[in-house]
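[1] Kindly return the folded structure for what I paste below:
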Amino acid sequence: MAIANYFYNSTTRKYVALFGTLFNQLKIQRHDNAGVLKKEMIVPLAYAPYQKILARVTADPDLINSRRPAMTLPRMSFEIQNISYDPQRKLTTTGKMIKRGKSETDDARPYVYNPVPYNLDFSLYIMTKYSEDATKILEQIIPFFTPDWTVGAKMIPDLDPIDIPIVLNSVTIEDLYEGAFDERQMVLHTLTFTLRGYYFGPEKTKKIIKFVDVDMFNGTDTNSPFLEGIDIRPGLSSANTPITDVGETATAVSALTTGSVSSISLTNDGENYNANTVVTIGAPDVANADITSTITNGAVSDITINDGGGYFSNLPTVSVGLPDSPITTATATATLSGDSVANVSISNPGNFYTNPTFSIAPPPNVAAEFKFGDDALAHSSETDVTTLHSFSGYFNSNTGYKVSFWIYPTSFPGGNNPMSVLFAPFTKIFFTADTGNVRFQYGGAPVVTSDTNLIVNQWNHVEVEHYTNLIRINVNGLYGTQETRGAGNVAFPGHTYRAGDAQGNESVFDGANRSFLGYLDNVTWETTGDMPTASSGDSYTIPTTARTGDLFTSNFDKDLPVATITATDGEVISIDVTSGGSGYTTAPAVTIDAPDDTPSTFAASLTPTLVNGVIDSITINSPGKFYANAPSINVSAPTSTQATAIANVGNNGDIQSITITDAGLGYRNPPAVTISSPDFGSIPYQDIEFDDNWGIIKTIVSE
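    Numbers count the residues shown, from 1 in each chain. The predicted model follows:
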């Protein structure tokens with residue numbers, strides 16, 4: 001048979017593999033109602049018709065009732081449906097495609113004829129249990145086909161890749177059931193494609209005519225006289241003259257000094273050279289250093305030089321990988337002595353700290369409500385008494401003073417006994433137990449009563465003004481009635497000013513008094529020296545910030561502890577308590593903030609030593625800290641440049657010397673020196689390719 005010569009390019013097999021590769025890593029993800037990824041899977045892909053996969057259940061009836069899965073969905077399969085000739089893409093039948101990359105033998109060139117276009121129809125099946133799974137897969141496919149997607153593939157060795165369009169023709173959807181509609185459901189998407197491929201014929205070879213030897217005789221007889229001969233061979237000199245003598249190639253060797261070419265010596269000066277001679281010096285044979293480290297207790301303890309590298313013209317830069325220990329926040333625990341913080345002990349020093357910050361939880365609140373600051377004075381019992389101030393000298397009303405405070409009464413319990421708020425031996429501020437009417441008494445003078453009552457379960461502002469013998473009570477922004485009740489000493493040295501129950505010998509006032517129930521905040525005593533003129537009911541400005549008295553101020557804020565933190569070499573080593581605070585019932589939490597530095601601060605540092613351009617030793621300047629694994633050691637590459645030189649050609653065509661124009665850098669071994677062949681520019685016959693038409697008449701002889 002005329003076409004009976006065996007060959008096999010595996011073309012169909014490659015097209016099947018090419019088509020399947022397009023879809024063999026598709027994934028689907030499933031999320032819960034909150035959008036959290038719960039599962040991710042790669043959709044299996046096989047070469048098979050979908051009927052064969054469905055038949056798996058029928059072939060093994062036990063799968064229906066067994067606990068083994070009958071078929072795992074989702075999955076995909078594909079198959080070839082048809083192969084047809086495509087006349088629209090036909091190429092010239094006798095056109096040749098040269099296989100230039102293949103090795104040549106016997107001066108021949110391998111080639112194949114232009115391929116024949118064929119269309120391969122494929123079907124891709126997407127089988128899922130859920131419709132949404134099918135759409136997830138489908139949406140990862142169809143956007144790439146518009147309607148074709150071109151793939152570059154190398155179908156024949158030593159030929160350039162060819163473009164293969166793959167066209168998406170159609171998508172069909174159907175629901176498949178194994179039985180009734182209440183049984184297993186499967187959603188099937190069928191995608192049809194056309195792969196526009198080519199089929200190649202066998203490889204052939206063609207000889208190249210490189211030599212022409214023509215002899216002409218006068219007649220056909222073997223004894224006919226010779227007239228003329230023409231011997232044609234390829235190759236012209238750079239001057240386009242025939243090559244008659246290729247000459248002798250020069251050779252040379254190089255020598256190095258500190259990594260650079262210092263001299264080039266001729267070992268053969270050659271012949272038939274001209275000014276176009278080229279000298280080529282081999283590239284530097286530099287090598288990067290290879291260094292490894294060892295760590296002990298998180299620090300670099302040893303360095304091993306596996307390869308010293310070279311040739312280094314300058315001291316290289318050695319960098320050490322950053323510490324890789326997990327970033328750890330320090331922790332600490334506080335202990336109490338009484339109701340104060342006695343000390344704080346470090347339970348975990350953490351790492352990567354330079355200037356750590358921390359906090360100690362404050363004492364618990366005394367009051368449920370407070371007006372200013374971070375706490376208030378709370379009285380929950382009618383017998384509560386709290387000392388606020390101790391007078392250090394005499395104090396007389398002639399100089400004038402004003403006592404102000406905020407009070408939050410939680411109860412008006414009623415009864416005959418008033419609710420005492422503030423008192424000293426000669427003064428007392430209280431309110432009636434049923435109405436909240438504020439009252440003030442100085443010495444044995446009659447009581448002064450406010451025009452405005454307190455309101456239960458809210459903050460009330462109260463001012464008592466006493467200047468000479470004038471007294472006035474102001475409540476919640478309204479001035480009270482100014483009354484005359486006497487002047488004189490208000491306090492002696494050693495007298496105390498207290499809040500709450502005023503019974504017993506603590507006051508000159510008799511009677512069964514009892515403490516207010518509620519909260520007190522921002523108590524101030526200030527020496528005014530005057531009493532502003534105002535009528536009852538006139539308004540005054542209620543302070544929106546805590547007031548300060550020049551005699552004393554009590555805001556009843558918490559007594560917070562004070563401590564300092566110290567870090568050394570990236571670790572928290574201590575928290576020193578300078579003031580323990582007060583009011584603690586249990587040990588407070590101590591919170592140390594996250595590390596404030598970066599691993600680069602704690603990286604090890606090294607310095608190399610060179611001997612003859614090679615790293616001979618490494619000095620550990622700093623071992624670093626916080627290494628979990630031995631760090632990588634990176635050494636900057638040696639600086640390298642390729643040396644260059646020119647040949648000095650004599651008049652007789654030999655090379656007299658070679659001049660180094662650039663000594664180069666980074667050589668470890670003397671490089672090879674290559675000198676171009678004589679008559680530079682000639683075209684050797686072995687480089688002739690198809691369509692080359694050059695040549696020279698080597699000899700012409702005649703009778």
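[2] Does residue 322 belong to a helix, a strand or coil?
    Per DSSP: H, G, I helix; E, B strand; the rest coil, the secondary structure class of residue 322 is coil.
[3] What is the neighbour count of the nearest residue to it once chain neighbours are set aside?
    Distances taken as C-beta to C-beta, 6 or more residues apart in numbering place residue 599 nearest to residue 322, at 4.3 Å, with adjacent residues excluded. For the C-beta atoms, the positions are set from N, CA and C on the backbone; glycine is no exception. Applying other C-beta atoms under 10 Å, we find 20 other residues in the vicinity of residue 599.
[4] List the residues that contact residue 599.
    By C-beta atoms under 8 Å, 6 or more residues apart in numbering, the contact set of residue 599 is 322-324, 352, 626.
[5] Most neighbours among the residues you listed, which one?
    Going by other C-beta under 10 Å, residue 323 tops the contacts of residue 599 with 27 neighbours.
[6] Not counting its neighbours along the chain, what's nearest it?
    Leaving aside its chain neighbours, residue 323 sits nearest to residue 626 (3.9 Å; criterion: C-beta to C-beta, 6+ apart).
[7] Make sure residue 111 is indeed in a strand.
    Yes. Counting by three-state DSSP, residue 111 is located in a strand.
[8] residues contacting it?
    By C-beta under 8 Å, 6+ apart, the neighbours of residue 111 are 96-99, 203-206.
[9] Show me where the stretch 101-250 of the chain has its strands.
    Assigned by DSSP state E, counting those that start in this stretch, the strands in the stretch 101-250 of the chain fall at 108-113, 116-128, 148-153, 162-177, 185-199, 204-207, 212-217, 226-233.
[10] any chance of these in JSON lines, plus distance to residue 647 and mean pLDDT?
    Supplementary listing: the strands of the stretch 101-250 of the chain in JSON lines, determined by distance: least, C-beta to C-beta, whole Å; pLDDT from 0 to 100:
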{"stretch": "strand 108-113", "distance to residue 647": "36", "mean pLDDT": "78"}
{"stretch": "strand 116-128", "distance to residue 647": "55", "mean pLDDT": "93"}
{"stretch": "strand 148-153", "distance to residue 647": "46", "mean pLDDT": "90"}
{"stretch": "strand 162-177", "distance to residue 647": "46", "mean pLDDT": "88"}
{"stretch": "strand 185-199", "distance to residue 647": "51", "mean pLDDT": "90"}
{"stretch": "strand 204-207", "distance to residue 647": "38", "mean pLDDT": "74"}
{"stretch": "strand 212-217", "distance to residue 647": "35", "mean pLDDT": "74"}
{"stretch": "strand 226-233", "distance to residue 647": "28", "mean pLDDT": "65"}
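[11] Relative to residue 539, which of the ones you listed is closest?
    strand 116-128 (78.6 Å; C-beta to C-beta).
[12] Can you show me the CA trace of that closest one as CSV?
    The C-alpha trace of strand 116-128 is given here as CSV (Å, rounded to 0.1, in the frame of the first residue of the first chain):
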residue,chain,number,x,y,z
VAL,A,116,-4.5,17.9,8.3
PRO,A,117,-7.3,19.8,10.2
TYR,A,118,-9.9,17.8,12.1
ASN,A,119,-12.6,18.7,14.6
LEU,A,120,-12.9,16.6,17.7
ASP,A,121,-16.3,16.8,19.4
PHE,A,122,-16.2,16.3,23.2
SER,A,123,-19.0,16.1,25.7
LEU,A,124,-18.4,17.1,29.4
TYR,A,125,-20.9,15.9,32.0
ILE,A,126,-21.4,17.6,35.3
MET,A,127,-23.3,15.3,37.8
THR,A,128,-24.4,16.8,41.2
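[13] Sketch out the low-pLDDT regions of the stretch 201-350 of the chain for me.
    207-212, 229-247 (pLDDT under 70).
[14] try the chain
    For the chain, the stretches flagged by pLDDT under 70 are 1-4, 52-71, 100-108, 176-185, 207-212, 229-247, 503-512, 679-703.
[15] what about the residue sitting furthest away from the middle of it, distance to residue 217?
    Computed with C-alpha atoms, centre = their mean, the residue of the chain farthest from its C-alpha average is residue 223, at 92.3 Å. Going from residue 223 to residue 217 by C-beta to C-beta, to the nearest Å gives 9 Å.
[16] again with residue 677
    As judged by C-beta to C-beta, residue 677 and residue 217 stand 38 Å apart.
[17] More neighbours: those two, which one.
    residue 677 (18 against 15).
[18] How about the contacts made by the closest residue in space to the more buried one that isn't next to it in sequence?
    Among residues not flanking residue 677 along the chain, residue 249 sits closest, at 5.3 Å (C-beta to C-beta, 6+ apart). Contact analysis of residue 249 by C-beta under 8 Å, 6+ apart lists 268, 270, 675, 677-678.
[19] Nice, that's everything, thank you.
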